[in-house]
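S.K.: any chance you can model this:
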Amino acid sequence: MKLGVNIDHVATLRQARYAGSLHLPNAEPLLLPAAAACELAGATGITIHLRADRRHIQDQDAFELRSAIRTKLNLEMGNTPEILAIAVRLRPDEVCLVPENRQEITTEGGLDAAGQEAALMPTIRALHAAGIRVSLFVEPAPVQVEAASRLGADMVELHTGAFANAAGLAADAELDRIRAAAIQAHGLGLQVNAGHGINYENVAQLHSVPHLEELNIGHSIVSRALFTGMERAVKEMLAAMARPHPARMFIPA
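M.R.: Numbers count the residues shown, from 1 in each chain. Coordinates of the predicted model:
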């Protein structure tokens with residue numbers, strides 16, 4: 001599995017003190033060194049979410065990162081005309097369309113691709129016309145995976161939040177849902193990614209999910225980086241990803 005590191009919460013820390021004052025020479029922490037440390041440690045991509053409320057990542061951040069990073073830029077965004085126009089100018093390597101609610105602390109669930117096909121189709125076409133690969137952040141549910149395929153998405157990112165928040169048999173059941181969705185998505189020709197709530201403890205269980213190509217992880221890595229530094233935190237996550245959970249290994253039929 002490859003690792004995309006979400007650095008939104010590096011910007012969250014900066015915004016806590018310097019919101020509206022990014023021009024100041026002492027506005028920190030800086031995003032470019034954080035992204036560079038992730039890449040140096042072995043991350044294969046940098047993920048940012050340019051939200052409508054600009055609570056962490058700012059437009060300036062997105063364009064600076066686009067110019068500086070050496071791997072790939074994955075832009076998470078809500079389906080709004082304003083952010084779509086920015087994405088087309090920015091031309092990230094990938095866009096992941098996500099649900100967005102101004103009252104939420106973080107993304108609370110998957111995009112209802114099945115219920116929003118008419119609204120999503122023009123956005124996906126515009127992104128493809130700009131040469132941008134498109135992912136949909138969806139629940140591991142058959143109807144949502146099917147909708148992603150109908151919409152012409154290149155990828156799905158399966159929402160792992162319910163799995164991450166569960167324990168015991170409930171976590172096993174959620175993992176089975178993710179596994180079934182991954183098999184379905186792969187069969188439909190979609191790249192399979194996953195993200196949300198993944199940490200250093202539960203990541204090994206995702207080895208039971210076949211066809212899983214990339215994980216996007218942010219909060220857990222940034223949290224550990226407070227104590228270890230970003231480069232080491234990313235290296236430790238990559239090491240955790242390489243150690244499968246023996247009880248949940250996927251055995252092909």
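S.K.: so where do the strands sit in the stretch 101-250 of the chain?
M.R.: 133-138, 155-159, 191-195, 212-217 (DSSP state E, counting those that start in this stretch).
S.K.: pick the most deeply packed of those.
M.R.: strand 155-159 (a mean of 28; mean count of other C-beta atoms under 10 Å). Yep, even glycine has a C-beta here, placed from its N, CA and C like the rest.
S.K.: so what secondary structure elements neighbour it?
M.R.: Contacting strand 155-159 under the criterion 3 or more C-beta pairs under 8 Å, 6 or more residues apart in numbering; DSSP states H and E are the following elements: strand 94-97, strand 133-138, helix 142-150, helix 168-187, strand 191-195.
S.K.: for residue 157, name its beta-bridge partners.
M.R.: residue 137, residue 193 (DSSP bridges).
S.K.: pLDDT score assigned to it?
M.R.: Residue 157 is assigned 98 on the pLDDT scale.
S.K.: do the same with residue 28
M.R.: For residue 28, the model assigns a pLDDT of 94.
S.K.: how many neighbours does residue 160 have?
M.R.: Neighbours of residue 160 under the rule other C-beta atoms under 10 Å: 26.
S.K.: wait, it sits on residue 199?
M.R.: No. Between residue 160 and residue 199 there is no contact under C-beta atoms under 8 Å: 10.4 Å.
S.K.: among the strands of the stretch 101-250 of the chain, which comes closest to residue 23?
M.R.: strand 212-217 (30.1 Å; C-beta to C-beta).
S.K.: can you name every helix or strand that that closest one contacts?
M.R.: Strand 212-217 packs on strand 2-6, strand 45-49, strand 191-195, going by 3+ C-beta pairs under 8 Å, 6+ apart.
S.K.: of those strands, which is nearest residue 31?
M.R.: strand 45-49 (8.3 Å).
S.K.: all the helices of the stretch 1-150 of the chain, residue numbers only.
M.R.: 8-18, 31-41, 59-68, 81-90, 117-129, 142-150 (DSSP state H, counting those that start in this stretch).
S.K.: now those helices as TSV including mean pLDDT and distance to residue 170?
M.R.: As requested, the helices of the stretch 1-150 of the chain are exported to TSV (pLDDT from 0 to 100; distance: least, C-beta to C-beta, whole Å):
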stretch	mean pLDDT	distance to residue 170
helix 8-18	96	27
helix 31-41	98	32
helix 59-68	97	37
helix 81-90	98	35
helix 117-129	98	31
helix 142-150	98	20
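S.K.: reformat the ones you listed as TSV; add mean neighbour count.
M.R.: Listed next are the helices of the stretch 1-150 of the chain as TSV, based on neighbours: other C-beta atoms under 10 Å:
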stretch	mean neighbour count
helix 8-18	18
helix 31-41	20
helix 59-68	16
helix 81-90	16
helix 117-129	15
helix 142-150	20
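S.K.: residue 164: which of these is closest?
M.R.: Closest among the helices of the stretch 1-150 of the chain, using C-beta to C-beta: helix 8-18, at 16.2 Å.
S.K.: what is the burial count for residue 45?
M.R.: Neighbours of residue 45 using other C-beta under 10 Å come to 22.
S.K.: that one and residue 204, how far apart?
M.R.: 21 Å (C-beta to C-beta, to the nearest Å).
S.K.: sketch out the low-pLDDT regions of the stretch 151-253 of the chain for me.
M.R.: 245-253 (pLDDT under 70).
S.K.: cutoff 90 now
M.R.: 243-253 (pLDDT under 90).
S.K.: next, format the helices of the stretch 1-150 of the chain as a markdown table and append distance to residue 96.
M.R.: Formatted as a markdown table, the helices of the stretch 1-150 of the chain follow (distance: least, C-beta to C-beta, whole Å):
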| stretch | distance to residue 96 |
| --- | --- |
| helix 8-18 | 13 |
| helix 31-41 | 17 |
| helix 59-68 | 14 |
| helix 81-90 | 11 |
| helix 117-129 | 11 |
| helix 142-150 | 11 |
